[in-house]
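Asker: Coordinates only, no sequence provided:
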């Protein structure tokens with residue numbers, strides 16, 4: 001299944017700027033990192049809400065072409081969850097890649113990879129997530145904007161994004 005979303009008017013101009021900036025600058029990396037580790041965060045929040053204690057330590061480092069980060073959450077019972085993320089930007093080529101590995105409190109690992117490419121009229125992004133049971137979920141995003149018509153079209157295909 002494929003879905004197409006169109007935006008018209010001044011909203012398109014704002015959406016275009018926001019989409020390109022978010023995708024190729026910092027927004028996507030943060031969103032992807034948050035999404036990749038959401039299950040671990042939910043468990044950590046649940047433990048905290050139930051009166052359990054936990055500690056999170058995150059180390060982030062800028063690199064010449066992106067950043068790296070390592071997060072560790074330790075629960076009161078001693079169980080540990082981790083997430084390691086590497087973001088690489090190539091402004092000249094108009095690309096951004098995000099790779100993350102998350103290991104939950106149960107020791108099961110999920111990997112996430114996102115590769116974005118700027119195009120003349122927008123961007124494309126391919127996302128792959130491998131779950132602990134080795135199930136691979138993939139989807140592609142293609143955003144193109146027509147400045148004259150002040151509209152953008154976003155097409156998402158693949159698992160969790162349509163057909």
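Answerer: Right, received. Where do you want to start? Since we're looking at a predicted model, the values are computed, not measured.
Asker: pLDDT weak spots in the protein?
Answerer: Along the chain, segments meeting pLDDT under 70 span 1-51, 160-163.
Asker: can you pull out the helices in it?
Answerer: 10-24, 27-36, 38-49 (DSSP state H).
Asker: from what I can see residue 138 touches residue 125, true?
Answerer: No - the pair residue 138 / residue 125 is not scored as a contact, 11.3 Å apart, by Cβ atoms under 8 Å. All C-beta spots, glycine's among them, are computed from the backbone N, C-alpha and C.
Asker: quick one, which of the two is more surrounded?
Answerer: When neighbours are counted by other Cβ atoms under 10 Å, residue 125 comes out ahead of the other of residue 138 and residue 125, with 20 against 15.
Asker: For stretch 73-87, list every residue counted as buried.
Answerer: Across stretch 73-87, burial judged by 16 or more other Cβ atoms under 10 Å covers 73, 74, 75, 81, 82, 83, 85, 86, 87.
Asker: is it true that residue 137 touches residue 112?
Answerer: No - judged on Cβ under 8 Å, residue 137 makes no contact with residue 112 at a distance of 9.7 Å.
Asker: shared neighbours, those two?
Answerer: Common contacts of residue 137 and residue 112 (Cβ atoms under 8 Å, 6 or more residues apart in numbering): 128, 129.
Asker: neighbour-wise, which of those two wins?
Answerer: The neighbour comparison of residue 137 against residue 112 (other Cβ under 10 Å) goes to residue 112, with 21 against 14.
Asker: So what sits opposite that one in the bridge?
Answerer: Listed beta-bridge partners, residue 112: residue 100, residue 129 (assigned using DSSP bridges).
Asker: ok, so what distance separates it from residue 147?
Answerer: 32 Å (Cβ to Cβ, to the nearest Å).
Asker: and if you look at residue 64?
Answerer: 33 Å.
Asker: Of the two, give the one with the bigger neighbour count.
Answerer: In terms of neighbours (other Cβ under 10 Å), residue 147 is the more surrounded of residue 64 and residue 147; the figures are 11 against 6.
Asker: Residue 56 against residue 72, yeah?
Answerer: Yes - counting by Cβ under 8 Å, residue 56 touches residue 72, with 7.2 Å between them.
Asker: more neighbours, the two?
Answerer: More crowded of residue 56 and residue 72, by other Cβ under 10 Å: residue 72, with 15 against 12.
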